[in-house]
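Novice: using only what follows, build the 3D model:
(chains A, B, C, D, E and F)
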There are 6 protein chains.
Amino acid sequence: MTEIRNQLQQAFIHPAEWSWTKNGAHQGRVQHWVHTIEKWEKSIEQIDAVILGLPLSRSSISVSGASEYPLAFRKGWKGFSTYNIDESIDLAPLNVVDLGDVAMHGTDIVESQKRIQQAMEAVLQAFPSAITINIGGDHSVTASAVRGLKAVTDNETIGIFQFDTHLDLRDPAENGPSNGTPIRQLIEAGVVKGNHVYNIGLHGYFNSPDLIHYAKKHSVNMITLNKARQQGIVQTVRRALASLQQQVDRIYVTVDMDVLDVSFAPGVPASTPGGMFTHELFAALLEVGKHDEFKHIDFVCLDPLKDESASPTVKAGIYSFLQVLSGVIITRNQINGT
Amino acid sequence: MTEIRNQLQQAFIHPAEWSWTKNGAHQGRVQHWVHTIEKWEKSIEQIDAVILGLPLSRSSISVSGASEYPLAFRKGWKGFSTYNIDESIDLAPLNVVDLGDVAMHGTDIVESQKRIQQAMEAVLQAFPSAITINIGGDHSVTASAVRGLKAVTDNETIGIFQFDTHLDLRDPAENGPSNGTPIRQLIEAGVVKGNHVYNIGLHGYFNSPDLIHYAKKHSVNMITLNKARQQGIVQTVRRALASLQQQVDRIYVTVDMDVLDVSFAPGVPASTPGGMFTHELFAALLEVGKHDEFKHIDFVCLDPLKDESASPTVKAGIYSFLQVLSGVIITRNQINGT
Amino acid sequence: MTEIRNQLQQAFIHPAEWSWTKNGAHQGRVQHWVHTIEKWEKSIEQIDAVILGLPLSRSSISVSGASEYPLAFRKGWKGFSTYNIDESIDLAPLNVVDLGDVAMHGTDIVESQKRIQQAMEAVLQAFPSAITINIGGDHSVTASAVRGLKAVTDNETIGIFQFDTHLDLRDPAENGPSNGTPIRQLIEAGVVKGNHVYNIGLHGYFNSPDLIHYAKKHSVNMITLNKARQQGIVQTVRRALASLQQQVDRIYVTVDMDVLDVSFAPGVPASTPGGMFTHELFAALLEVGKHDEFKHIDFVCLDPLKDESASPTVKAGIYSFLQVLSGVIITRNQINGT
Amino acid sequence: MTEIRNQLQQAFIHPAEWSWTKNGAHQGRVQHWVHTIEKWEKSIEQIDAVILGLPLSRSSISVSGASEYPLAFRKGWKGFSTYNIDESIDLAPLNVVDLGDVAMHGTDIVESQKRIQQAMEAVLQAFPSAITINIGGDHSVTASAVRGLKAVTDNETIGIFQFDTHLDLRDPAENGPSNGTPIRQLIEAGVVKGNHVYNIGLHGYFNSPDLIHYAKKHSVNMITLNKARQQGIVQTVRRALASLQQQVDRIYVTVDMDVLDVSFAPGVPASTPGGMFTHELFAALLEVGKHDEFKHIDFVCLDPLKDESASPTVKAGIYSFLQVLSGVIITRNQINGT
Amino acid sequence: MTEIRNQLQQAFIHPAEWSWTKNGAHQGRVQHWVHTIEKWEKSIEQIDAVILGLPLSRSSISVSGASEYPLAFRKGWKGFSTYNIDESIDLAPLNVVDLGDVAMHGTDIVESQKRIQQAMEAVLQAFPSAITINIGGDHSVTASAVRGLKAVTDNETIGIFQFDTHLDLRDPAENGPSNGTPIRQLIEAGVVKGNHVYNIGLHGYFNSPDLIHYAKKHSVNMITLNKARQQGIVQTVRRALASLQQQVDRIYVTVDMDVLDVSFAPGVPASTPGGMFTHELFAALLEVGKHDEFKHIDFVCLDPLKDESASPTVKAGIYSFLQVLSGVIITRNQINGT
Amino acid sequence: MTEIRNQLQQAFIHPAEWSWTKNGAHQGRVQHWVHTIEKWEKSIEQIDAVILGLPLSRSSISVSGASEYPLAFRKGWKGFSTYNIDESIDLAPLNVVDLGDVAMHGTDIVESQKRIQQAMEAVLQAFPSAITINIGGDHSVTASAVRGLKAVTDNETIGIFQFDTHLDLRDPAENGPSNGTPIRQLIEAGVVKGNHVYNIGLHGYFNSPDLIHYAKKHSVNMITLNKARQQGIVQTVRRALASLQQQVDRIYVTVDMDVLDVSFAPGVPASTPGGMFTHELFAALLEVGKHDEFKHIDFVCLDPLKDESASPTVKAGIYSFLQVLSGVIITRNQINGT
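Specialist: Numbering: from 1, shown residues only, chains lettered A, B, ... in the order given. A predicted model of the protein is given here:
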């Protein structure tokens, strides 16, 4: 059999190559750079960042396929290089490990959210020094992940740095632990204080007066897109991060992809006109990655089933993820004097 | 103000006419024939059939917008007449009342299913002689509705008459109360016996061997589409209904729209090639409605968000609903000697 | 019956809620803020703005579903709040009344256009102090509406302030009263003078040399998008409005949504690359609303049947409408010293 | 210049070949078989059939791009051979001439319909022995074409042989000369008698009770699809044609493509489930063409803008057209003893 | 590291499970039943069938993504069970091995075709008793595969059993080794004789007169769909196979998926109206598999990039593949007396 | 016959008008301004620019319909005027001649590329003073065209001015003469030197580290979009062109439409987020045309089959083409003192 197999090897492409695995032929592709946890053989300390898939979107107010994003995100890697031509840097030196997806319950949303929280705790304990990158799922996963963060780092104050068109401050008592309520859940549970929430990208007519009222009452920091553009988006992010860092021990960054203009993100059901352009978000996320205490981020609400055929939204999602890591490596290089 | 309003009445179309309400101008449309419960003024006994919307599809294994079907179903009425040209009958004499949708919980699926059961109970008690027509939602709603039926009619034996490409016998222990498990839920809960389940429309490679094994063990009656076609679909339905009626007190008919061929039902995510044609299903449902003890039916798993632009699937769904009522009126006319 | 109805009320959502009506639960949504004329109970003087639907697009040169926009416009309201987060203002204090649609003739386009003119006259007489907001329909409706305006205000000079990629100066003798000719119809009929027309947003290769020739001959003010961008779009609008106001008694603003870049407005068949971005149009319209003599506006040529699934164009249309009203309230607040 | 042109001829494909013109290279394609009137050089008597494009659909009740069908119809020819493999015949011997499109007025629907009538008259006078094939446009063109037929053949009795899901008997007084009223227009104008109308393909719930009432009152012959299938569609057509021919001097066949099932004809906005299958319509039209007094036909209501990307509906439209001509040639061959 | 990995195993789904590999949890799925050659550990004799991917469609006359089908085919397996409910058989006992794809050259089509031929030869030599199942690619791959078959079995006479809307007899001298010429290539090269080609499914106007002429001259057996339907499709296949088997030593079956009606196979660019229905093809292929000397088959011209969102065509492709194997197992069971 | 033809002329639109030919009625449209070579009657010296269609995309790495762009490009002309409203100039005085398409071989890619090279040589010899405008096809056509340019102008140094998201420097030894390798082909063949290549528009993660390495080694000038934006895109183009012109005798400009952001160019399969906006490319191309030694340009990789229904990408392609010619005429006018 082995002989035949060898004979055939000339003629056939190995089916295993259809999936994303280390492979000599296409060096420099993101799919071959990210490690799977099964194949990681060095020490834990050498892991720079871990990826967790959080495929939950039954919790979405409107019908959402954001649960399919973790898979689409990985499948899209094959279209991306590790080399960032804008910054003339290669991400290859970073050790990024993909832990896989948290297993969701078929129908029990609260159970699924508990599992996300537990997974987040396990990951933080297992990889205390790594950056955690959560790939949602809808925005409800942020509440679960931050709860996990709080559980592990109990004496620390946590801040939320949010890119979003919405405040996500609806009342959980009415809506349950859905994608409309995560920030309010965290405020009401005492996990995060309202004044430790910064939201950048708000615009237009997409937040009800009562939510605005709640946000003001709890001193949520609302920075509209217009304001950010006037002051420079990168500068706004830098200052806001610095300001938040002074008040808290640890920052959790959450990127609701609906912050993007609907023309750039047709694959985010709740995206709107008048939103952020992709190149603005990319610049903002580079700045986030550069922040020297950057540790936690999630990307949520991207529904690949609604994306257009050229996959603009999934591509923007992967680009966003890489921008953060570019920021990380730039700061490291500066520290290391490279 | 009134004067101005009157003056303007000549020029403007009244916004209220945009929705589906009784209106002199378009007599004979389904939208003006179905009564809303608010406007029903005759006695309860005169109600022939009630419609319940069950907008739950968070419970679906794959992402589903079947929760949007009850609304799409009603919106589509405006394209349908009450006159059945094939049978030369007008449905107008039937009194059909739309009760609206059961209010779903935002994130608690089990709670939502409990509400469906309770609503079913309330409806059966309020309108004991009316036909109940449930508009899903995914197939999990069938389990809830039949539980409600059982609760109200406890000493009665209930049979299930199912049109489906799938057995829906997955294990609830593994999958929860999802759209893959409703029939097994009912069997395991003792609500329905396996041999009181008839499934028509099975075909191809869409049921795992273990589910076949379970079905055989519990004597579920599996009638493949091929068999039904060989013997005539209408005849098959007639005989199967007669056979089931002899064994049970009450039959609940459930129509999983994925029984249709995917070319006829692109708006049912799980539909497959080799399935039933629409005119076959229409003929089968006419026969169902003719059955003299016909009382309960549901239509499930139609996701209008996935339908094509000419709305073939939603149109097929409404057509199916009307066919059942045509059957009802034909039998009544025969009984009344009309 | 009433008792049963009450009993059921717990379980069911009221079908009437499917349409847009005042409702306690979702306060702050545009759909619950806009009044229908039937339910308006205060005095006419308290009405700040009236909405007229003008569902005519048989008159379009190419096949157009712009006739469906008035309905899509209203249906889309449920996705919008009355709160403008950019300007920190709530539109709720404005009294906006929806008069419904002008009833169109089935096949007689000229008759339909006459009805639009008559409706416009009736509205101007009934609500002399209200802002009128016309929702087209294709651009031919502008000619009819301005004719109505002229008829009621005969001794006033009318100016046209147009956002458009096209001049709409085709020859009515050749093309009839179509969407290619409205401005020329008005010039030829002596309703408006060419030098009282300002067109902002022109760009590219979308106007024939002979139309340019006509425009120059009649001193139509052509401000290209490039020019407007160089000088600032908001400033350009402000100055142009001021300049036009000095020459005329009354300004009618017409927004052909094809002024938008095709990437932002796929639902406008005639939109082109190189057009205005949505945030630019939104800023321009805020400025329009701020203009202290602002009274009349229409939005035309948006075909919701051609919009993409995330509805970017319809959303942009509603956003545009709200921006104008934001401008109005800002100016009122300034006048009132709020 | 000529020399250079010759030199280049080797390398370049002649742009003129992009359109449909006689050309040596692709013999046997429909596009090279149909003659344009400009290039026709033989006598008029040798013309077997003429094609008229009737690009009017402003008259459609709902938004329709059927006006684009005459062009799409011709563009699609390049995918079709003249050889009918089912019947082993080549259409090539038939002389078919394309007269082009009747020029429509930009906005005056009644004027456009008058032009259709006049064109029909001109054609009948110019080509008295040729078969006329009208390519709509919406169903309103049938009324105009039959009026033209009546004008030219005044002492003849005309019958209508209709394939349709609808009766098209709405009241012109209410709806104008739209695509919902053509048959009633003709009956009311005394051009055609109700009992000289045969409609095959009716099914389901797509005709209001009042239209049924009108049809019965005027003795319109309604043959449902179900009935036709039970008796054989081909046989039904044969018998109905024979029966109609006995009563009238001349038959005008009108094919509303919405007679087709929506799964086969997504590009016909009004098509429905439960309709005719394409192979059934093809067989029926072969029979129509075989009818020895066959002279006039139209194909209406196909909107190529709504077709799917593989163009199933436009392809079905062209196939239908060719089937009729296959029928014609079969009968001729029989007569000629070929 | 191992410990952490184990700890995490509870929470995370293993990324390797995203691809198709043996896995305890979902027994009975096609993806876990087909073996990859790497994991095959029994003897070669025990292999019943081998799958080869032939991802070539640069050779297609019109733009085709059929090169993507081998991957889409495998990805789609997860939606299929190994149990055939129509025939009450489980395919599980068959040993089917997926060899992977033949590696194509980037731009040299002839080189790619040579590799297909060589791979076919290698496979036939390595697995002389196994059924070979080729997954194209466009129809040009058939010429290459049959050439490979001829090379290995030189003294045998080969017959072609073709399901197709087209004859695929265009002139290679003009068109090169494209998807329009495979059968003629084989006839001209003396690999196959014209009278040893049976084509079932021909219909309509999709073959030029000159190709018909060529087919008749070479005695190609043309069985139209109409004829096959009149005589029963299954019976027609049975008789034609028997007749061909009497004349040749070995039959190669080629299924051009464009034999299917365009409504059932939107993902085959060349499919047409009036084609075969999926259930007819499924029945025909079951019969093919039952044929006791069945050995070689390919499926070509399915372009998954053009399929609709519910994947009707890819699903039909997989269903077709399974039908053939069902036929095989039925015949084996009969032989074995099971 | 002539008489009848004349009679009918009133009623019918001449079929020839459906294609793009000189025609009195629509003066000022691009389709009537561009000459076909057949109808050109003046001297060769008076031709300002020639258009060559290069419909080759079998050579594309991924499935591409760019071969359909030359036809779609011409069909789209009817939506464009010759008047540039931004620059107040009419392109009408330029004599532009469309030579048609180079005839491609059906399956032999290398042969097709040879024909492109030969056609380019023939054109350069026939029209030595005309601007050549090549309409691809995929990016492989650039290598062929530049080879042709080199052959004719052998003692001249050629520079490449490239708008692209990619370097197109993959190894031809591995990939063949595909759309990933054209620039490297030219460098390796000694046709162009690496330091004579300027690439503007690079951004993000779309070039592998090894290609970056190759580019640096060969001194390819890489100007990222970010850099160009910081310094002004127009200024960047002007300076880069000037710099390149100093080093070479002749510049060939190649525009890979994937330089555009995917939101503006959904019809370019390889386009990405973070790319150039259409108005930026338009401004850049105006500058290119203004360059006083501008002679050669191509536009490649636009796949009209993937464009959205409003044709944003094809429209952007035509707009781009016109911008270059606007630049040409502006410079001529300046030289002529107009």
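
Novice: for residue A:98, what are phi and psi?
Specialist: Reported as degrees, to the nearest 10, the phi and psi values for residue A:98 are phi -100, psi 120.

Novice: now it, nearest residue through space, not along the chain?
Specialist: residue A:51 (4.6 Å; CB to CB, 6 or more residues apart in numbering or on different chains). Glycine gets a C-beta too; all of them are placed from N, C-alpha and C.

Novice: wait, doesn't that neighbour sit right on residue A:99?
Specialist: Yes: Residue A:51 lies in contact with residue A:99 (CB atoms under 8 Å); the separation is 6.4 Å.

Novice: what's opposite the residue nearest to residue A:98 in the beta bridge?
Specialist: residue A:98, residue A:133 (DSSP bridges).

Novice: so who does it touch?
Specialist: A:34, A:96, A:97, A:98, A:99, A:133, A:135 (CB atoms under 8 Å, 6 or more residues apart in numbering or on different chains).

Novice: where does residue A:331 land in three-state SS?
Specialist: Following DSSP: H, G, I helix; E, B strand; the rest coil, we place residue A:331 in the helix state.

Novice: now do it against chain D, distance only.
Specialist: 48 Å (CB to the nearest CB, to the nearest Å).

Novice: over to residue A:33?
Specialist: For residue A:33, the distance to chain D - CB to the nearest CB - is 37 Å.

Novice: next one: residue A:217
Specialist: 48 Å.

Novice: just the contacts of residue A:51 now: which is nearest residue A:304?
Specialist: Taking CB to CB as the measure, residue A:304 lies nearest residue A:135 of the contacts of residue A:51, at 11.3 Å.

Novice: residues from the stretch 201-338 of chain A in reach of chain F?
Specialist: Contacts of the stretch 201-338 of chain A with chain F, taken as CB under 8 Å from any CB of the partner chain, map to A:263-264, A:278-279, A:282, A:308-310, A:312, A:315-316, A:319, A:322.

Novice: now render those residues as TSV, adding distance to residue D:114, secondary structure and pLDDT.
Specialist: Conversion of these to TSV gives the following (distance: CB to CB, whole Å; DSSP: H, G, I helix; E, B strand; the rest coil; pLDDT from 0 to 100):
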residue	distance to residue D:114	secondary structure	pLDDT
A:263	45	coil	98
A:264	50	coil	98
A:278	54	helix	98
A:279	56	helix	98
A:282	60	helix	98
A:308	45	coil	95
A:309	45	coil	92
A:310	47	coil	94
A:312	49	helix	98
A:315	55	helix	98
A:316	55	helix	98
A:319	59	helix	98
A:322	65	helix	98
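
Novice: now the buried members of the residues you listed.
Specialist: Buried members of these, counted by 16 or more other CB atoms under 10 Å in any protein chain shown: A:263, A:264, A:278, A:279, A:282, A:308, A:310, A:312, A:315, A:316, A:319, A:322.

Novice: among these, which are in reach of chain E?
Specialist: Okay, of those, nothing touches chain E (CB under 8 Å from any CB).

Novice: going by distance to chain D, which of the residues you listed wins?
Specialist: Using CB to the nearest CB, residue A:308 comes nearest to chain D of those, at 14.5 Å.

Novice: chain neighbours aside, what residue packs nearest to that closest one?
Specialist: In space, residue A:308 is closest to residue A:266, 5.2 Å off (CB to CB, 6+ apart).

Novice: touching, that neighbour and residue C:308? I think so.
Specialist: Yes: contact status for residue A:266 versus residue C:308: in contact at 6.2 Å, counting by CB under 8 Å.

Novice: need the overlap of contacts for those two.
Specialist: residue A:308.

Novice: A strand includes residue A:146, no?
Specialist: No: assigned with three-state DSSP, residue A:146 falls outside any strand and is helix.

Novice: can you count the residues close to it?
Specialist: 26 (other CB atoms under 10 Å in any protein chain shown).

Novice: just checking, it touches residue A:252?
Specialist: Yes: using CB under 8 Å, residue A:146 makes contact with residue A:252 at a distance of 5.4 Å.

Novice: what touches both of the two?
Specialist: The contact lists of residue A:146 and residue A:252 share A:158, A:160, where a contact means CB under 8 Å, 6+ apart.

Novice: if we can go back for a sec, need the buried ones among the residues of the stretch 201-338 of chain A next to chain F in CSV with distance to residue C:86, can you?
Specialist: Formatted as CSV, those follow (distance: CB to CB, whole Å):
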residue, distance to residue C:86
A:263, 19
A:264, 19
A:278, 21
A:279, 21
A:282, 23
A:308, 28
A:310, 31
A:312, 26
A:315, 29
A:316, 23
A:319, 27
A:322, 31
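
Novice: now the strands for the stretch 51-200 of chain A?
Specialist: A:83-84, A:89-90, A:96-102, A:131-136, A:158-163, A:192-202 (DSSP state E, counting those that start in this stretch).

Novice: worst average pLDDT in these?
Specialist: Among those, strand A:96-102 carries the lowest mean pLDDT, at a mean of 93.

Novice: now it: buried residues?
Specialist: So, applying 16+ other CB under 10 Å, buried residues of strand A:96-102: A:96, A:97, A:98, A:99, A:100, A:101, A:102.

Novice: re earlier: of all the strands of the stretch 51-200 of chain A, which lies closest to residue E:176?
Specialist: Using CB to CB, the strands of the stretch 51-200 of chain A put strand A:83-84 closest to residue E:176, at 39.0 Å.

Novice: is stretch A:250-258 anywhere near chain C?
Specialist: No: Stretch A:250-258 does not reach chain C (CB under 8 Å from any CB); its nearest approach is 10.3 Å.
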